[in-house]
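Participant: Here is a sequence with its predicted model. Questions after.
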Amino acid sequence: MMSLLHRISDLSRHNKIFVQILSDCLFISLCFFMAMALRLDGFYFTEDATIWLPMLVVFPVTIVSFVRLGLYRAIVRYITSEALGAVAIGVVVSSITLAAASAMFDVSVPRSVPGIYAILLLFTVGGSRFIVRSVFRRSMKSSRKPVIVYGAGDAGRQLVNALTHSKDYRPVAFVDDDERLHQTSIAGFRIYASDKVPNLIVRTGARAILLALPSASRARRREIVQALSPHKIEIKTIPGVEDIVNGKAKFSDIRTVTPEDLLGRDPVPPRPELMRRNISGKVVLVTGAGGSIGSELCRQLIEYAPKALVLYELSEFALYSVEADLREIAARTGMKIDIFPVLGSVQNPERTRAVLRSFEVQTVYHAAAYKHVPLVEENVVEGVRNNVFGTLNLARLAIETGVEQFILISTDKAVRPTNFMGASKRMAELICQALAADQDRTAFSMVRFGNVLGSSGSVIPKFQAQIDQGGPVTVTHREINRYFMTIPEAAQLVIQAGAMGKGGDVFVLDMGEPIKILDLALSMIRLHGLTPYVVDSMEEVDKTRGDIAICITGLRKGEKLYEELLIGDNSSGTDHPRIMTASEVFLPFDRLNGLLDRLAGACKAFDVQAIRNIFLEAPLAYAPNGDVIADLMWAERRAAVLPVDPKPLRVVEMAQGKKRS
């Protein structure tokens, strides 16, 4: 039977419809025959061949009715109870046609036969389809993963309906925290309390729990996941209600629960007046527009109707990707916004000046930076040129071209930095602070925050890839911790903080509580239903101890155990509950310019030791770990004993692109 059904399922769509029509004609004949036999209590009516004349009309009328009612458009293995309505209407039409044709041909068909025929045809035509569906589902059942659906609300019911036709998952039970629903059923599945999950896993063989809670707060989802984690079962989720409403996702888009779902907080509703202040009706430029923060800034900026959005990006592919994404969003939402994708680097003063002047930029969000600590440790000069002198170029040219607002995206690594990346970002802050005090044409502000979840180079994508490969997951230290924030929340707060800036403000975002990276790795492994174990070296990895090893590898170059958001204790709140302002030390520009001149000379000479000494001298609170310099070219140049150029290039002249004689 199964082999025959599978052979039929492999036929073309037209051939499948032909098979259905053929079988329905067989059912029509059989039902008429059985109705006559039941009514006349025998088969003697077959002696009169004219008894079949009504079928000449019944066959075409019934089949045409089924076609018009859409019965043959339905895929039998996915047919629903709604199809019974179409079958019932077609059967009524067929029964009336039988009575009319019998009278027309003057055939002795008893008046009760059309009624008996209708009942039999309804059961055969409708029942046969549901029998076939049931057979197909039984064949799929063994290959589908049994799952428990957590949440018996509207989302849970829609999810179960969607999974009915899924090739991957088979619902076996509901779990819900509402006591009023316990021991009741929805769609044939019992609803249980959450404390019954261990028994349900054993009894049903469930291999995953699907969270159907799209509107639940992150705090509530975190509580549920923490309660489920000890059961060593994979935990998956459906998209959030916002993505479902916006059409970005469907209830059936199932994915593994990620730390982003749990670590992020429920955002504070943005203040519209702050979101619009520097954006609506203005020309806005975002540097590093293709990066994690830059691209999310752009997505949020276009919602507040800027006059034009200029995407300034060095990476061709990143620029292409963010432009395509923004144009798709604008087309979908009907927004009329000029979007200008511009390739270029903030280190290039001529290009940057031309961009600012050509588009008459009014607001700048400076997100372009080299941010990966180990890479900047090994490429110090380029990191300093981009993060320090790129910022200097852009900031001076913003003043020159009349930019109204300049917002620097900074980092918690700028606070008491132990690495060149953090020191370079703190130097960029000093530049903005000094220029803010030196003029009043452009309002400068800086926004400092920690790690964002899911950004390029973040530990979370790295951990996910390591888990997918079977481990081990690598963590640098048992006690290392970091602040985390979702990219959308960070971008939203950056925009609002920038709108509060009056000149020289250092804003600090409330990042919540720091999270131990080891705990993050443990929870990610448990979310996959796997057992983690911690070792201090690769040699200790032993699969008998668990599923995935977490190996402690030691701190990387320039890495800190703990990150901070404030240098001093002089912080105060603002009108926004998650934005603080810090009063940080700064240098007047005439004093800072001397340091920058020397720093430019050290960069030109590729003298990393001199760069390090200048950073130590500057008011950065720079405290590197030890005396080892990891820069790759510095080691090679020292080995070759290359001379150092004694003539530094003045910063002012470098920013203007002039040559020093």
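Facilitator: Nice, thanks for sending it over.

Participant: switch to C-alpha atoms for all contacts and neighbour counts from now on
Facilitator: OK.

Participant: quick one, what contacts Glu323?
Facilitator: By Cα atoms under 8 Å, 6 or more residues apart in numbering, Glu323 lies in contact with Leu311, Ile339, Pro341.

Participant: in its sheet, what does the host helix or strand of the last one sit against?
Facilitator: Using DSSP states H and E, Pro341 maps to strand 338-343. With DSSP bridges as the test, strand 338-343 is paired with strand 308-313 (parallel).

Participant: The nearest residue to Glu429 once chain neighbours are set aside: neighbour count?
Facilitator: Leaving out its chain neighbours, the residue that sits closest to Glu429 by Cα to Cα, 6 or more residues apart in numbering is Met446, at 6.8 Å. Neighbour count of Met446, defined by other Cα atoms under 10 Å: 28.

Participant: secondary structure element for Met446?
Facilitator: Take DSSP H and E as the rule and Met446 turns out to sit in strand 443-448.

Participant: Against which helices or strands is the helix or strand just after that strand packed?
Facilitator: As assigned by DSSP H and E, the chain's next helix or strand after strand 443-448 is strand 451-453. Secondary-structure packing of strand 451-453 (3 or more Cα pairs under 8 Å, 6 or more residues apart in numbering; DSSP states H and E): strand 484-486, helix 487-500.

Participant: Make CSV from those and add mean neighbour count, distance to Val535 and mean pLDDT to it.
Facilitator: Listed next are those as CSV, based on neighbours: other Cα atoms under 10 Å; distance: least, Cα to Cα, whole Å; pLDDT from 0 to 100:
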stretch, mean neighbour count, distance to Val535, mean pLDDT
strand 484-486, 22, 25, 81
helix 487-500, 23, 32, 90
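
Participant: Looking at the ones you listed, spot the one closest to Thr184.
Facilitator: Smallest distance to Thr184 across the helices and strands packed on strand 451-453 (Cα to Cα): 38.1 Å, for strand 484-486.

Participant: Partner strands of that closest one and their direction?
Facilitator: Strand 484-486 has its sheet partners listed here by DSSP bridges as strand 451-453 (parallel).

Participant: I'd like the next helix or strand past the strand it pairs with.
Facilitator: Sequence-wise, the next helix or strand downstream of strand 451-453 (DSSP H and E) is helix 459-468.

Participant: model confidence over stretch 520-529, on average?
Facilitator: Stretch 520-529 shows a mean pLDDT of 86 in the predicted model.

Participant: Next, the buried residues of it.
Facilitator: For stretch 520-529, a neighbour-count test (16 or more other Cα atoms under 10 Å) marks Leu520, Ala521, Leu522, Ser523, Met524, Ile525, Arg526, Leu527, His528, Gly529 as buried.

Participant: what is the rounded mean pLDDT of the one helix or strand Arg190 maps to?
Facilitator: Element membership for Arg190, per DSSP H and E: strand 189-192. Confidence for strand 189-192, expressed as mean pLDDT, is 90.

Participant: Partner strands of it, with direction?
Facilitator: Sheet pairing for strand 189-192, using DSSP bridges, gives strand 169-175 (parallel), strand 185-186 (antiparallel).

Participant: Just the closest of the buried residues of stretch 520-529 to Leu592, please.
Facilitator: Closest to Leu592 out of the buried residues of stretch 520-529 is Leu520 (40.7 Å), distances taken as Cα to Cα.

Participant: quick one: that closest one is in a helix?
Facilitator: Yes: assigned with DSSP: H, G, I helix; E, B strand; the rest coil, Leu520 falls within a helix.

Participant: Just give the closest residue to it, not the sequence neighbours.
Facilitator: Distances taken as Cα to Cα, 6+ apart place Pro259 nearest to Leu520, at 7.6 Å, with adjacent residues excluded.

Participant: Ok, Pro171 next?
Facilitator: Spatial nearest neighbour of Pro171, excluding adjacent residues (Cα to Cα, 6+ apart): Val147 at 4.9 Å.

Participant: how near is that neighbour to Arg170?
Facilitator: Distance check for Val147 against Arg170: by Cα to Cα, to the nearest Å, it reads 6 Å.

Participant: quick one, which of those two is more surrounded?
Facilitator: Val147 (26 against 22).

Participant: Which secondary structure state is assigned to that one?
Facilitator: strand.

Participant: okay if I get the buried residues of stretch 520-529 as a markdown table plus distance to Ser455?
Facilitator: Converted to a markdown table, the buried residues of stretch 520-529 look like this (distance: Cα to Cα, whole Å):
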| residue | distance to Ser455 |
| --- | --- |
| Leu520 | 16 |
| Ala521 | 16 |
| Leu522 | 20 |
| Ser523 | 19 |
| Met524 | 17 |
| Ile525 | 20 |
| Arg526 | 22 |
| Leu527 | 20 |
| His528 | 21 |
| Gly529 | 25 |
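
Participant: so of the residues you listed, which ones are in helices?
Facilitator: Assigned to helices by DSSP state H, the following of the buried residues of stretch 520-529 qualify: Leu520, Ala521, Leu522, Ser523, Met524, Ile525, Arg526, Leu527.

Participant: Mind putting those residues into CSV with distance to Val508?
Facilitator: Formatted as CSV, those follow (distance: Cα to Cα, whole Å):
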residue, distance to Val508
Leu520, 24
Ala521, 27
Leu522, 29
Ser523, 28
Met524, 29
Ile525, 32
Arg526, 33
Leu527, 32
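
Participant: Go through the residues you listed and say which is closest to Val534.
Facilitator: Leu522 (9.0 Å).

Participant: can you give me the offset of the strand holding Arg190 from its chain's centre?
Facilitator: Once both centres are worked out by Cα atoms, centre = their mean, to the nearest Å, strand 189-192 turns out to sit 31 Å from its chain's centre.

Participant: quick one: contacts of it?
Facilitator: Outside strand 189-192, the residues within contact range by Cα under 8 Å, 6+ apart are Ala152, Val172, Ala173, Phe174, Val175, Asp176, Leu181, His182, Gln183, Thr184, Ser185.

Participant: Please apply the same query to stretch 419-432.
Facilitator: The contact list for stretch 419-432, computed with Cα under 8 Å, 6+ apart, reads 370-373, 376-377, 380, 383-384, 387-388, 391-392, 395, 408, 410-415, 417, 444-446, 504, 557-559, 586-587, 589, 592, 612, 615, 620, 622-625.

Participant: Just the buried residues of those residues.
Facilitator: 370-371, 373, 376-377, 380, 383-384, 387-388, 391-392, 395, 408, 410-415, 417, 444-446, 504, 557-559, 586-587, 589, 592, 612, 615, 620, 622, 624.

Participant: so who does Phe406 touch?
Facilitator: Contacts for Phe406 (Cα under 8 Å, 6+ apart) come out as Thr363, Val364, Tyr365, His366, Ala395, Ala398, Thr442, Ala443, Phe444, Ser445.

Participant: Repeat the analysis, applying 7 Å as the threshold.
Facilitator: Phe406 makes contact with Thr363, Val364, Tyr365, Thr442, Ala443, Phe444, Ser445, according to Cα atoms under 7 Å, 6 or more residues apart in numbering.

Participant: what's the answer for Glu316, then?
Facilitator: By Cα under 7 Å, 6+ apart, Glu316 lies in contact with Leu343.

Participant: That one and Arg255, how far apart?
Facilitator: 31 Å.

Participant: Where does Val91 sit, in terms of helix or strand?
Facilitator: Per DSSP H and E, Val91 falls inside helix 83-104.

Participant: ok, now how distant is the residue lying closest to Met36 once chain neighbours are set aside from Asp48?
Facilitator: Excluding the flanking residues, the one nearest Met36 by Cα to Cα, 6+ apart is Val113, at 6.2 Å. Val113 sits 16 Å away from Asp48, taking Cα to Cα as the criterion.

Participant: returning to that earlier point: what residues are up against the residue nearest to Glu429?
Facilitator: Ile407, Leu408, Ile409, Ser410, Glu429, Asp505, Val506, Phe507.

Participant: So what does the fourth one look like in phi/psi?
Facilitator: Think Ser410. Ser410 adopts backbone torsions of phi -110, psi -160, taken as degrees, to the nearest 10.

Participant: OK, contacts around it?
Facilitator: Applying Cα under 7 Å, 6+ apart, we find Ser410 in contact with Lys425, Met446, Val447, Arg448, Phe449.
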